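[1] Just a sequence and a predicted model for now, questions to come.
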Amino acid sequence: MKRGEVVKKLDRIRDMSDEEVTINAEWIRKVATHAFSLLKQQPRMVREQARKITDKRLGRAGK
């Protein structure tokens, strides 16, 4: 699931009533799992982005 999809689904969860949350508990767990996975990946993605920028500035693009 992509970041945009997770954000939209989290918005839907936020707007649910207590009854809807109870009915959709399993779906909410799945969305929460995907959201947690994206958050765990974020530091790695930031490091990779920083490495690419540094390599580009040093003329080492593609290495």
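    Here it is on my side, so go on.
[2] From here on, just use CA atoms for contacts and neighbour counts.
    Noted.
[3] show me the contacts for His34.
    Residues near His34 by Cα atoms under 8 Å, 6 or more residues apart in numbering: 1, 6.
[4] How far off centre is the strand or helix carrying it?
    His34 belongs to helix 25-57 when elements are defined using DSSP states H and E. Computed by Cα atoms, centre = their mean, to the nearest Å, the separation of helix 25-57 from the middle of its chain amounts to 6 Å.
[5] Quick check: Thr54 vs Phe36, distance?
    28 Å (Cα to Cα, to the nearest Å).
[6] again, but for Gln42
    The value you get for Gln42 to Phe36, if Cα to Cα is used, is 10 Å.
[7] now Pro43
    Using Cα to Cα, Pro43 is found at 12 Å from Phe36.
[8] Could you do Val7 as well?
    For Val7, the distance to Phe36 (Cα to Cα) stands at 12 Å.
[9] which residues do the two both contact?
    Contacts common to Val7 and Phe36, judged by Cα under 8 Å, 6+ apart, are absent.
[10] what residue ranges in this protein are flagged as low confidence?
    Across the chain, the ranges flagged by pLDDT under 70 are 61-63.
[11] Centroid-nearest residue for it?
    In the chain, the residue lying closest to the centroid (Cα atoms, centre = their mean) is Leu38, at 3.2 Å.
[12] For it, which non-adjacent residue is closest in space?
    Arg3 (7.2 Å; Cα to Cα, 6 or more residues apart in numbering).
[13] Neighbours of that neighbour, how many?
    Close neighbours of Arg3, defined as other Cα atoms under 10 Å, add up to 12.
[14] Settle this for me: it is touching Ser37, isn't it.
    No - using Cα atoms under 8 Å as the test, Arg3 is too far from Ser37 to be in contact (10.2 Å).
[15] rewinding a little: and the gap between the residue nearest to Leu38 and Ala35?
    Counting by Cα to Cα, the gap from Arg3 to Ala35 is 8 Å.
[16] ok, now Lys2?
    Applying Cα to Cα to Lys2 and Ala35 gives a distance of 9 Å.
[17] Over to Ile23?
    According to Cα to Cα, Ile23 stands 20 Å off from Ala35.
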